[in-house]
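Colleague: Sharing a sequence plus its predicted fold:
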Amino acid sequence: MELFFMTLTTGIMVGGIYALVALGWVLIYKCSGVLNLAMGELTIIGAYVSYTFHSIGIPFVPAVLLTLVVGIILGVLTERIFLDKLIGEPILAVIMVTVGLSFFLKGLVGYIWKNDTRVFDPPVFSIKPITIGFLQISPVYLWSFILSIVLLVVFVCFFKYTRWGLSMQATADDETAALSLGVSARFVYAAAWAIAFMSAGVGGALLGNINGINVSVGYLGLLVLPAVVLGGLNSVPGAIVGGILIGLLQNFSGTYLDRFFPGGVKEIVPFAFMAVFLLFKPYGLWGWERIERV
Amino acid sequence: MSSVWLPCGDYHQNYAADQGWWQTRFIKGKMILLLLTVFVGIPLFAGEYWVSVGTMVGYTAMGALGVQLLIGYSGLLTLGHAAFIAVGAYTSTMLILQFPWPHALMDSGLAYPISIIVAGIAAGLWSVLFGLPSVKVKGFYLILTTMAAQFITVDFILTQYISQIGGRGQAFSLPPGTIRIGPWVIDNERSVYYLMAVLLTLMVIVLANLLRSKPGRAWVAIRDNDIAAEALGINIVWYKLLAFFVAGFMAGIAGAFWVCNTAALSPEHFQWFLSLWLVGVILIGGVGSIQGAIFGSIFMVVVMELLQMAAIPLADYWPSLLMDFAYIKDMAFGLAICAFLIYEPNGLAYRWWQAKNYFNLWPFSY
């Protein structure tokens, strides 16, 4: 029973990080209709950038804040250089540009950081577990969860209550109407990409604290795809719930299924589950069902 | 096919003639010249190195043809094609290594050709399994299910289970001499190249024939508007799954061919990277044309080789270049995809078509 609750808490906490990254993904999709397949690389860039800041002696929290700044710059640059010219192109072209982008970023990360496994040194979080009641939680998970929840709240508030956030929401809802009311679409797209880079960056920094930074962080970043599909592509609450569900699913399968299927069942289950799930609910939990006409 | 320019006053009298391959003597001569170049010219006159580059082009094209069928002709987005290539490669290797072949078959060298066909069928069926969600979902959701195919097949089943058979750990290797077709032992660059040329030619012929018959027209109809296609009485479930089967079959054959090229096999050859690479190849070559898949393969493989050649003399001035070359290659490939999509969205095949038109209409281009 204890094992069950341990798995539950770890699942929810890792899921919080996925939810954060998934939120960035959904924002891009809602605002500009771009399905971003480069999310894994965005995550890994965040991990390495925060590691670099941390390794030159900046404490972890300011390092994460600096990562956010780098995220804004990279996001705006990406949007301006690659995505801006593709507004209105067919969906395949836009998806494939993000594939090209993921190749480019992967090469860039490899060129700069050589894909070695790096660990945060000195460790950011202590290894001694915190005991709450009968549960023992490693501080990495707890602080990651808290930090990602804080950022989630900040992003959602930004989206709901600020002027920029409202203009993003308007563009997501109806692009033409928003344009005619004087919302700058280019600004909104750039902001969406900046937020995606920022959320993926923080997610990457946190994931990098759990297992060290290497290529597998990029794979964990890809796990947002099942998460957003589970929640429905264009639903912000869906992204959060989907992220947490994927975290739970991953940890439960790691605990209980690993006995029967030794090996990396933990990494596969989200994708396998998603493929089956799509057969039954093709639009996720809260995605908009599109009624198609000829 | 319909872009053939006939002399003024010549018209086709029926559909079959309109769909014919060799409508004019010029086209016939051109194709014979192409076949002569591929089968005689390159292996005879090119050096060992360029023959092996040709083999790589062929392998890429074999994979890309299946992707082209799915994405370019049926509108079924796939990012997991490497999984089906891997299934083919592993089926073929497993059959050769583990299957208790009767001595007569083994001695007469039929093991490898049989395994190629079985590999194709196995990969085709595996591909249909992951194509099943395409009945309900499309677009981005389909990309995700094919990605699931990639991770489940290569990263889980092949890495964790199949690779452990025989206790060798990660890689399988085939003893020399096991890969032979009848008396023909495939053991050097040139024989591998010939096998590639034969398989690729057969695949192009089969695919081109499929595309100009009923399944091909159904696929194009589904690509253009699947709801309208269904309303016209096309069984879209059947044809979507058929597209997955044919593409998987071709991937399986490409995989079985890959075995004879390397004589060793490891899951690292079939990572997600390869799936993305194949999609990139058809985007650069041109979506929706067989030539596109082949142009894209030639362009990508040859340009990457040229980059590599350029890197060697540059390494004197920039010592870390060779070490980091893999990363620079990734960056160049990513930028090439982006640049083609932004500035040349119709791909190389479209430029080829334009060039052909120019010469067909020359000197009066109006």
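Modeller: Yep, that arrived. Numbering: from 1, shown residues only, chains lettered A, B, ... in the order given.
Colleague: For the stretch 1-150 of chain B, which residue gets nearest to chain A?
Modeller: Of all residues in the stretch 1-150 of chain B, B:Ala148 sits closest to chain A, at 3.9 Å by CB to the nearest CB. Backbone N, C-alpha and C define where each C-beta goes, glycine included.
Colleague: Can you verify my assumption that that residue contacts B:Thr78?
Modeller: No - here B:Ala148 lies out of contact with B:Thr78, judged by CB atoms under 8 Å, at a distance of 11.4 Å.
Colleague: circling back to that earlier point, please work out how many residues are found near the residue of the stretch 1-150 of chain B closest to chain A.
Modeller: 26 (other CB atoms under 10 Å in any protein chain shown).
Colleague: ok, now which ones touch it?
Modeller: Taking CB atoms under 8 Å, 6 or more residues apart in numbering or on different chains, we find B:Ala148 in contact with A:271-272, A:274-275, B:80, B:130.
Colleague: just checking, it is part of a helix?
Modeller: Yes - assessed by DSSP: H, G, I helix; E, B strand; the rest coil, B:Ala148 belongs to a helix.
Colleague: which helices and strands sit right next to the host helix or strand of A:Ile244?
Modeller: Taking DSSP states H and E as the definition, A:Ile244 sits inside helix A:236-252. In terms of contacts (3 or more CB pairs under 8 Å, 6 or more residues apart in numbering or on different chains; DSSP states H and E), helix A:236-252 is packed against helix A:2-32, helix A:139-161, helix A:224-231, helix A:265-280.
Colleague: who in the stretch 101-250 of chain A is up against chain B?
Modeller: Contact residues (CB under 8 Å from any CB of the partner chain) of the stretch 101-250 of chain A with chain B: A:101-108, A:110-111, A:225-226, A:229, A:233.
Colleague: can you put the residues you listed in JSON lines and add neighbour count, secondary structure and pLDDT?
Modeller: Formatted as JSON lines, those follow (neighbours: other CB atoms under 10 Å in any protein chain shown; DSSP: H, G, I helix; E, B strand; the rest coil; pLDDT from 0 to 100):
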{"residue": "A:Leu101", "neighbour count": "23", "secondary structure": "helix", "pLDDT": "89"}
{"residue": "A:Ser102", "neighbour count": "23", "secondary structure": "helix", "pLDDT": "88"}
{"residue": "A:Phe103", "neighbour count": "26", "secondary structure": "helix", "pLDDT": "87"}
{"residue": "A:Phe104", "neighbour count": "23", "secondary structure": "helix", "pLDDT": "91"}
{"residue": "A:Leu105", "neighbour count": "23", "secondary structure": "helix", "pLDDT": "90"}
{"residue": "A:Lys106", "neighbour count": "25", "secondary structure": "helix", "pLDDT": "87"}
{"residue": "A:Gly107", "neighbour count": "22", "secondary structure": "helix", "pLDDT": "89"}
{"residue": "A:Leu108", "neighbour count": "17", "secondary structure": "helix", "pLDDT": "89"}
{"residue": "A:Gly110", "neighbour count": "20", "secondary structure": "helix", "pLDDT": "86"}
{"residue": "A:Tyr111", "neighbour count": "17", "secondary structure": "helix", "pLDDT": "86"}
{"residue": "A:Leu225", "neighbour count": "26", "secondary structure": "helix", "pLDDT": "86"}
{"residue": "A:Pro226", "neighbour count": "29", "secondary structure": "helix", "pLDDT": "87"}
{"residue": "A:Val229", "neighbour count": "30", "secondary structure": "helix", "pLDDT": "85"}
{"residue": "A:Leu233", "neighbour count": "22", "secondary structure": "coil", "pLDDT": "80"}
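Colleague: Against A:Val119, how distant is the residue of the stretch 51-200 of chain B found nearest chain A?
Modeller: Here the residue of the stretch 51-200 of chain B nearest chain A is B:Gln160; by CB to the nearest CB that distance is 3.2 Å. B:Gln160 sits at a distance of 26 Å from A:Val119 (criterion: CB to CB, to the nearest Å).
Colleague: next one: B:Ile328
Modeller: 27 Å.
Colleague: So these two - more neighbours on which side?
Modeller: Set B:Ile328 next to A:Val119 and count neighbours by other CB under 10 Å: B:Ile328 wins out with 18 against 14.
Colleague: Need the phi and psi values for A:Gly212.
Modeller: Main-chain torsions, A:Gly212, degrees, to the nearest 10: phi 80, psi 160.
Colleague: and it, how many residues sit next to it?
Modeller: Residues near A:Gly212, counting by other CB under 10 Å, number 17.
Colleague: list the contacts for it?
Modeller: Here A:Gly212 is in contact with A:117-120 (criterion: CB under 8 Å, 6+ apart).
Colleague: got any ranges where chain B has weak pLDDT?
Modeller: Within chain B, the ranges that satisfy pLDDT under 70 run B:1-4, B:166-170, B:365-366.
Colleague: Buried residues, the lengthiest helix in it. List them.
Modeller: Secondary structure of chain B per DSSP state H: the longest helix is helix B:236-262. Within helix B:236-262, the residues scored as buried using 16 or more other CB atoms under 10 Å in any protein chain shown are B:236, B:239-261.
Colleague: just stretch B:20-36 next, same as before
Modeller: Within stretch B:20-36, the residues that qualify as buried are B:Gln23, counting by 16+ other CB under 10 Å.
Colleague: In contact with A:Ser267, which residues?
Modeller: Check again: residue A:267 is Glu, not Ser. A:219, A:250, B:151, B:155-156.
Colleague: Tell me the one among those residues nearest to B:Phe270.
Modeller: B:Phe270 has its nearest neighbour among these in B:Asp155, at 9.6 Å by CB to CB.
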